[in-house]
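Undergrad: Any chance you could fold what I've pasted below:
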Amino acid sequence: MSIDVDIVGQLVPNVMTMIVQLCSTLVLFLLVKKFLWKPIQNFFHTREEKMQSDLAAGEQAKKDALTDRQKALEELNEASDQSAQIVDAAQKEARAQRQTILDQANTEAAAARKKAKQQIEADRLNMADDMKKEMVDVAMSAAGKLIGEKSVDDLDRKSVHDFVEKAADHEE
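TA: Residues are numbered from 1 along each chain as shown. This is a model prediction of the structure:
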């Protein structure tokens, strides 16, 4: 059994078939060019413009973000500076109030000490006067008992009082 195959016929195309195929391809090309070429070109052009627009918008958004970030950093630094100033002012005010309170307390304590000293001095003087009067009374009573008289003259009382005063002055 032998197989007859026309190898040359299979390798070389038929001229008529080739012309028909070329004509149909030319017709398709002319139809595409006539009806589809401009819409396709417009589609690609519109797509390119949209991409450029999106890229420009992205760049602008990036610039805006950087500007906003810089502004936020400046505001943060400013807020930090203001908070430091507020803390410093509060510390200064606290120190001033502390000093005012201490000064007021010292003034009040000094006034209380002075008043206490004056009271002590007044009490001491009153006690000294009371002691002198008691001494005069005791001396007058003793003199009255020695002399035997019940009442003593005011003149004698004055002279005893003067004597006690001189003795007290001499002790100081």
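
Undergrad: Could you give the separation of the helix or strand hosting Asn126 from the chain centroid?
TA: Counting by DSSP states H and E, the element that carries Asn126 is helix 37-147. Counting by C-alpha atoms, centre = their mean, to the nearest Å, helix 37-147 is centred 11 Å from the centre of its parent chain.

Undergrad: where's Leu31 relative to His45, distance?
TA: Noted for Leu31: a distance of 22 Å to His45, by C-beta to C-beta, to the nearest Å. Every residue, glycine included, has its C-beta placed from N, CA and C.

Undergrad: One more: Met16?
TA: Taking C-beta to C-beta, one finds Met16 at 42 Å from His45.

Undergrad: do Thr107 as well
TA: In this structure, Thr107 and His45 are separated by 91 Å, where distance is defined by C-beta to C-beta.

Undergrad: what do you get for Met135?
TA: Note on Met135: its distance to His45, by C-beta to C-beta, is 132 Å.

Undergrad: With Ala79 instead?
TA: Per C-beta to C-beta, Ala79 is found 50 Å from His45.

Undergrad: Next, count neighbours for Ala164.
TA: Check again: residue 164 is Val, not Ala. The local packing of Val164 (other C-beta atoms under 10 Å) involves 18 other residues.

Undergrad: what do you get for Met135?
TA: Neighbourhood size, Met135 [other C-beta under 10 Å]: 16.

Undergrad: From the centroid of this structure, which residue is nearest?
TA: Ser83 (3.8 Å; C-alpha atoms, centre = their mean).

Undergrad: ok, it to Ala89 distance?
TA: If you go by C-beta to C-beta, the gap between Ser83 and Ala89 works out to 11 Å.

Undergrad: where do the contact lists of these two overlap?
TA: Residues within reach of Ser83 and of Ala89 at once, by C-beta atoms under 8 Å, 6 or more residues apart in numbering: there are none.

Undergrad: Any figure for the gap between Asp130 and Ser159?
TA: Computed with C-beta to C-beta, the distance linking Asp130 and Ser159 is 20 Å.

Undergrad: can you check Val5 too?
TA: For Val5, the distance to Ser159 equals 180 Å [C-beta to C-beta].

Undergrad: any idea how far Leu28 lies from Ala72?
TA: The spacing between Leu28 and Ala72, counted by C-beta to C-beta, is 61 Å.
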